[in-house]
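> Structural data only, the sequence is not supplied:
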């Protein structure tokens, strides 16, 4: 950013212009000179700070732009989903046999159902999380209880790490607004509830809706987090559910073929 050093020169130029103005000038009433001098004295307009300001603005703007683009893209996909599905169906007709097409469609439908079930289950658990946390904070007379409950509900979508960050944040804010004792009680109650939620409530909801055992849910989240971080923890459960369905179907196919083969061999022996 070669243009940043020019800002100090521009600042000096403005100060010179202000100094040359008449004392009764309207601009002097706005204390612009004092503001610029204070900025200089506080080093708010030095090269490093300005570069950080610009980078922060660029990062923030880029983040907003990506969100807007994602929303627009999602909207167009939803509006044009029939044509997209038709295109992929035509491509599969050209590339694959009918048997392979049917199998792919079946697997894609299973993946779609599992992902939808997972998101709805996670959403239900997050709602429970937010309601319980808000209730506990209201009992303890914690300020901004509803806001903290919403934060915990949103953070719950990030397995384990999100809960840890949310509990830490709420405890610190409670300490700042309500004192040490209130923060300590808040921390203890939230830890107890999050342990109950993480080890019993959430695995029970996930296991019931996705038809996998709570132990497998916990194991898949640990393995996914160990190898792929937060993204791995979030995607571990639906991937495990999909893999389980495919494996069970593969086993059933093999068993049925083996049964048919045994029956055929038995008939041949009788003949």
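Great, that's in hand. Just so it is clear, the model here is predicted, and its values are computed rather than measured.
> burial of residue 131, as a residue count?
13 (other CB atoms under 10 Å). Where C-beta positions appear, they are placed from N, C-alpha and C, glycine not excepted.
> next one: residue 123
Residue 123: 13 surrounding residues under other CB under 10 Å.
> Name the helix or strand for it, please.
helix 98-139 (DSSP states H and E).
> what inclination does the helix or strand just after that helix have with respect to helix 98-139?
Per DSSP H and E, the first helix or strand lying C-terminal to helix 98-139 is helix 145-155. Counting by axes from the mean of the first three to the mean of the last three CA atoms, to 10 degrees, helix 145-155 points 160 degrees away from the direction of helix 98-139.
> Which SSE is immediately downstream of helix 145-155?
Next along the chain after helix 145-155, taking DSSP H and E as the criterion, comes helix 161-178.
> re the thing from before, quick one, the helix holding residue 123 and helix 161-178 angle?
Using the same axes, to 10 degrees: helix 98-139 against helix 161-178 is 20 degrees.
> Packing partners of whichever strand or helix holds residue 87?
Assessed by DSSP H and E, residue 87 sits inside helix 81-95. When contacts are defined as 3 or more CB pairs under 8 Å, 6 or more residues apart in numbering; DSSP states H and E, helix 81-95 packs onto helix 98-139.
> Just list what the helix it packs on packs against, helices and strands only.
helix 81-95, helix 145-155, helix 161-178, helix 180-196, helix 202-210, helix 214-270.
> what's the least confident stretch among those?
Looking at these, the lowest mean pLDDT belongs to helix 202-210 (a mean of 72).
> about what we covered before: for the helix holding residue 87, which positions count as buried?
residue 92 (16 or more other CB atoms under 10 Å).
> try stretch 125-145
125-126, 128-130, 132-134, 136-137, 140, 142, 145.
> now do stretch 231-239
In terms of neighbour count (16+ other CB under 10 Å), stretch 231-239 has its buried residues at 232, 233, 234, 235, 236, 237, 238, 239.
> Format those residues as TSV; extra columns: distance to residue 105.
Output for those, formatted as TSV (distance: CB to CB, whole Å):
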residue	distance to residue 105
232	28
233	30
234	26
235	22
236	25
237	24
238	19
239	20
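> Between those residues, which sits nearest residue 212?
residue 237 (7.8 Å; CB to CB).
> OK, contacts around the closest one?
Applying CB atoms under 8 Å, 6 or more residues apart in numbering, we find residue 237 in contact with 118, 206, 210, 212, 217, 220, 221.
> just checking, residue 197 touches residue 127?
No - counting by CB atoms under 8 Å, residue 197 stays clear of residue 127, with 11.8 Å between them.
> Report the mean per-residue pLDDT for the helix holding residue 123.
84.
> what is the orientation angle of it with helix 214-270?
Using the same axes, to 10 degrees: helix 98-139 against helix 214-270 is 160 degrees.
> Could you list which residues are in contact with residue 156?
Taking CB under 8 Å, 6+ apart as the criterion, residue 156 is in contact with 122, 125, 126, 129, 130, 162, 163, 166.
> Tell me the one among the residues you listed nearest to residue 65.
residue 162 (24.8 Å).
> top of the contacts of residue 237 by neighbour count?
In the contacts of residue 237, the most neighbours by other CB under 10 Å go to residue 206, 28 neighbours.
> Please consider this matter closed, and thank you.
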